[in-house]
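> just the structure for this:
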Amino acid sequence: MKAMPAHRALYASFDRVPSPKGAATHIERFAGTLFDTFGGGLLHVLGDAPMPRYEREGNVEVLRHVPRHDNFLDRTQSFGRQLTTTLAQLDTSLEICHFRDPWSGVPVLDRAHRYSTVYEINGLPSIELPSTYPLLSQRTLDKIRQAERFCRDNADSIVTPSDTIAHNLVRMGTSHKRITVIRNGAEPCTTTPLRPEQAPRRYLVYFGALQAWQGLDILLQAFARLADLDLHLVICSSSHHRLEKPFRRLATRLGLDERIVWQHGLGRAELSRWVAHAEISVAPLTECARNLEQGCCPLKILKSMALGVPVVASDIPAVREILTEDTGRLVHPGRPAELARALRVLLEYPEAAKAMGKRGRQRLEQELTWAASTTALRHLYQTLVPQLASQASPSQSAPVAPITPATAGAYS
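Numbering: from 1, shown residues only. Now for the predicted structure:
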């Protein structure tokens, strides 16, 4: 790889890009805004073997770290070492660094620097990782919490997508004056995508990852209570096939095999087609530390609203920030019978459901677009580095094609 140009801006994230997961949406929108504001920059992310480790498009460079380790913590450390090397090459030119996680943040902050820093907190590994790696020791979790706290205490500004996360960060000791809430968004849909040829006549849709906190098991139990209806459930998964196994076993026990359609790793356009023609989109999030003690801002709800599809979701604080009883249907989490009743009522009154979906789309168009989010983010950058950000404008920025493939960020 040739020597890097004197970039003014760096966006770093321990996430694979491109990816069908929701993190790619954040990276696409927020990194794109950063590079628009500062006339280009460097994106430092994860990749895997088939992906190029280096790409360049105009004034935007993409540097991917491809880990050689199976152990998660070993991968974070090797990522951090490469980022440290990258920072050393850009030491005199960088004016702002935006990072999404402690694995990126510690290298950015643990050095003498003159650049401004933004810590984007969409999640906290100390809360999320035990769900994926239940054998993590308390000692390891304490070290992760220490790294998170170091980043929260030393970043110039913290960005988070929901009031729920912001309140919990304050509870952990972060000053509210350093936190800016910039919600996730979606692009309003002006035309209805074509219906997938293989789509069932009537179906519910769940899309996203398959972690335990998503509540897909609750949805399956609720769906079993709708056996008298001519109805299918379409599950558009962004997770590895192995994570489907417990849900497939549960579906078999519930006698649902013939009524479930699985889709995997869909690109953004194809996913939109499946969501747009669903009777209802379901987000059955659970009451757990990830959703309550941390918080979230579910892209699956926003995307459904953008397509005018009625949403039934769990009644938790983070969801209430973006969905109300007027624009969706909220049910107590973890209660399959209540979820089934809410679904049945909407299915029996399709005109009311359609009107709800329309109100949801109107709410999104007024308050929850990506344009509104990126405008707020650009303002934050200009507040942090006013004399520098004023030198660049969106019209001068480089294209960001390497980080905006059709498959990036389709799910949440």
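> where does the stretch 301-412 of the chain dip in pLDDT?
Applying pLDDT under 70 to the stretch 301-412 of the chain flags residues 387-412.
> do a quick rundown of the helices in it.
All helices of the stretch 301-412 of the chain, identified by DSSP state H, counting those that start in this stretch, fall at 317-320, 336-348, 350-367, 370-384, 386-389.
> out of the ones you listed, which is closest to Asp15?
Of all the helices of the stretch 301-412 of the chain, it is helix 370-384 that lies closest to Asp15, at 17.5 Å by Cβ to Cβ. C-betas here are computed from N, CA, C, even on glycine.
> could you give the angle of that closest one to helix 350-367?
Here helix 370-384 points in a direction 20 degrees away from that of helix 350-367 (axes from the mean of the first three to the mean of the last three Cα atoms, to 10 degrees).
> quick one: contacts of helix 370-384?
With contact meaning Cβ atoms under 8 Å, 6 or more residues apart in numbering, helix 370-384 is reached by 29-30, 32-34, 36-38, 96, 116, 118, 156-157, 159, 180, 182-187, 389-390.
> cool, and stretch 329-342?
Contacts for stretch 329-342 (Cβ under 8 Å, 6+ apart): 215, 218-219, 221-226, 282, 284-287, 291, 310-316, 319-320, 323-324, 346, 356.
> show the buried residues in those residues.
Buried members of those, scored by 16 or more other Cβ atoms under 10 Å, are 215, 218-219, 221-226, 282, 284-286, 291, 310-316, 319-320, 323, 346, 356.
> which of these fall in strands?
In strands, defined here by DSSP state E, the members of the buried ones among the contacts of stretch 329-342 are Val282, Val311, Val312, Ala313, Ser314.
> pull the most distant pair out of these.
Val311 and Ser314, at 10.7 Å, using Cβ to Cβ across these.
> who touches both of these two?
Common neighbours of Val311 and Ser314, using Cβ under 8 Å, 6+ apart, are Ala283.
> quick check, Trp45 in contact with Ser19.
Quick fix: residue 45 is Val, not Trp. No: between Val45 and Ser19 there is no contact under Cβ atoms under 8 Å: 9.3 Å.
> what about the nearest residue to Leu83 once chain neighbours are set aside, how many residues nearby?
With sequence-adjacent residues excluded and distances taken as Cβ to Cβ, 6 or more residues apart in numbering, Leu83 is closest to Pro107, at 4.5 Å. Neighbourhood size, Pro107 [other Cβ atoms under 10 Å]: 23.
> could you do the one 5 residues further on as well?
As a burial measure, the neighbour count of Ala112 was computed by other Cβ under 10 Å and equals 5.
> contacting residues for it?
With contact set as Cβ under 8 Å, 6+ apart, Ala112 has no partners.
> three-state assignment of it?
Three-state assignment for Ala112 (DSSP: H, G, I helix; E, B strand; the rest coil): coil.
> tell me the secondary structure of Cys151, please.
Quick answer, by three-state DSSP: Cys151 is helix.
> that one touches Pro102, doesn't it?
Yes: assessed by Cβ under 8 Å, Cys151 is found in contact with Pro102 at 5.1 Å.
> so the two - more neighbours on which side?
Legend: neighbour count by other Cβ under 10 Å for Cys151 and Pro102, higher for Pro102 (27 against 23).
> gap between Leu169 and Asp228?
Going from Leu169 to Asp228 by Cβ to Cβ, to the nearest Å gives 46 Å.
> who's more crowded, the two?
With neighbours defined as other Cβ under 10 Å, Leu169 and Asp228 compare such that Leu169 has more, 22 against 7.
> how close does the closest residue to Asp74 other than its chain neighbours sit to Pro284?
Once flanking residues are discounted, Asp74 sits nearest to Pro67: 7.5 Å by Cβ to Cβ, 6+ apart. Per Cβ to Cβ, Pro67 is found 33 Å from Pro284.
> repeat that for Phe207.
Distance of Phe207 to Pro284, given as Cβ to Cβ: 12 Å.
> then Gly40?
As judged by Cβ to Cβ, Gly40 and Pro284 stand 42 Å apart.
> surely Tyr115 and Leu94 touch.
Yes: counting by Cβ under 8 Å, Tyr115 touches Leu94, with 4.3 Å between them.
> now the common contact residues for the two.
Leu10.
> contacts only, for the nearest residue to Arg152 once chain neighbours are set aside.
With sequence-adjacent residues excluded and distances taken as Cβ to Cβ, 6+ apart, Arg152 is closest to Thr174, at 5.1 Å. Counting by Cβ under 8 Å, 6+ apart, Thr174 makes contact with Arg152, Asp153, Ile158.
> regarding Thr174, what is its secondary structure?
Put simply, Thr174 is coil when judged by three-state DSSP.
> for this protein, give me the ranges with low pLDDT.
Those would be 1-5, 387-412, if you go by pLDDT under 70 across the chain.
> can you list the domains in it?
9-185+369-403, 203-366 (automatic domain parsing).
> can those go into JSON lines with extra columns for distance to Pro193?
JSON lines is the format used below for the domains of the chain (distance: least, Cβ to Cβ, whole Å):
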{"stretch": "domain 9-185+369-403", "distance to Pro193": "17"}
{"stretch": "domain 203-366", "distance to Pro193": "4"}
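> closest to Pro196 out of those domains?
domain 203-366 (5.1 Å).
> what about Met172, neighbour count?
13.
> correct me, but it touches Arg152?
Yes: taking contacts as Cβ under 8 Å, Met172 lies within contact range of Arg152: 7.4 Å.
> buried set for stretch 61-72?
Glu61, Val62, Leu63, Arg64, His65, Val66, Pro67.
> make CSV out of these and add secondary structure.
As requested, the buried residues of stretch 61-72 are exported to CSV (three-state DSSP):
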residue, secondary structure
Glu61, strand
Val62, strand
Leu63, strand
Arg64, strand
His65, strand
Val66, coil
Pro67, coil
